[in-house]
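Undergrad: only geometry, no sequence info:
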């Protein structure tokens, strides 16, 4: 049984008890605008799921309150890094924007610098690690550390992290996500049970996670890196995925605009039960560049902050 399928019974109560062990005793160590490293043991967040490597794998996450007024209720943004990247990189890309909007940041660190999304990527996917359970537990621990607003937990991720962000938005796990912003990575279908605000960003010329989709056509050669979509014969483009969100969110129309901050061409839903926006970036961007220098961090944080 996955953590995401737990009911309200002794399992749920045990989950709450176990995930608190490392964080409650560190509450006093959190300072405004300072990033702190915390740990959880896999046996404490995934006792009912198969976790390769044994039940006592230590997992790390970074947590950073905003620079000012960090004793007041605040939204929380979870940032999931790319394959080969680090939690520190994600914090660095978003901390200035998070301070501007009074948002706390949480960045889990993937084993082998990867997450089991599950379509992507690396050793975490190959070992079928319970990264959903880990992220759920990290969010739960963050609520013990900081005065997080109950209905203001957001998720964004880049590449491998984008696949994970969309996986979570699609209903994986037990955290209630207020909105999601997958960047340069998305599951191959939208399976969410109800409307959710989504803000998708992708480089139109991306050669590693392609804008027109990841698959292995008749040639047998995969179109994307890291064995993404190698078992698929049909590519699903990013605009096609946006259309699925558009339909789920019951949008009645759309408007196109150019982002003043990044120059991206964006298509936003109109008359939606929940917003669905796709921004396609074309100004010389490439996948590896965004791992360290993502131009739309402030735009994403501002968009999250605008959601009520």
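TA: Received it, and whenever you're ready, just let me know what you need. Small disclaimer: the values here were computed from a predicted structure and weren't measured.

Undergrad: just for this structure, where's the confidence low?
TA: 1-29, 43-56, 219 (pLDDT under 70).

Undergrad: so where do the strands sit in it?
TA: 36-41, 58-64, 74-80, 104-108, 148-158, 179-183, 198-203, 253-258, 265-270, 276-281 (DSSP state E).

Undergrad: Include distance to residue 246 and mean neighbour count when you put those strands into a markdown table, please.
TA: The way it works is simple: take the backbone N, C-alpha and C, and place the C-beta from them, glycine included. Conversion of those to a markdown table gives the following (distance: least, Cβ to Cβ, whole Å; neighbours: other Cβ atoms under 10 Å):
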| stretch | distance to residue 246 | mean neighbour count |
| --- | --- | --- |
| strand 36-41 | 37 | 17 |
| strand 58-64 | 33 | 21 |
| strand 74-80 | 24 | 25 |
| strand 104-108 | 29 | 26 |
| strand 148-158 | 19 | 21 |
| strand 179-183 | 15 | 27 |
| strand 198-203 | 9 | 27 |
| strand 253-258 | 7 | 11 |
| strand 265-270 | 5 | 18 |
| strand 276-281 | 5 | 25 |
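
Undergrad: okay, those strands in CSV with distance to residue 231 next?
TA: As requested, the strands of the chain are exported to CSV (distance: least, Cβ to Cβ, whole Å):
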stretch, distance to residue 231
strand 36-41, 32
strand 58-64, 28
strand 74-80, 23
strand 104-108, 27
strand 148-158, 22
strand 179-183, 21
strand 198-203, 22
strand 253-258, 32
strand 265-270, 30
strand 276-281, 25
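
Undergrad: which residues does residue 149 contact?
TA: 73, 74, 75, 76 (Cβ atoms under 8 Å, 6 or more residues apart in numbering).

Undergrad: gap between the first one and residue 140?
TA: From residue 73 over to residue 140 the distance is 17 Å, taken as Cβ to Cβ, to the nearest Å.

Undergrad: So for those two, which sits in the more crowded spot?
TA: residue 140 (19 against 12; other Cβ atoms under 10 Å).

Undergrad: unless I'm mixing things up, residue 36 is touching residue 30, no?
TA: Yes - applying Cβ atoms under 8 Å as the test, residue 36 and residue 30 come out as touching, 5.7 Å apart.

Undergrad: what residues are shared contacts of those two?
TA: Contact with both residue 36 and residue 30 is made by residues residue 63, according to Cβ under 8 Å, 6+ apart.

Undergrad: burial measure for the closest residue to residue 172 other than its chain neighbours, as a count.
TA: The spatial neighbour of residue 172 that comes closest, neighbours along the chain excluded (Cβ to Cβ, 6 or more residues apart in numbering), is residue 132 at 4.9 Å. Residue 132: 25 surrounding residues under other Cβ under 10 Å.
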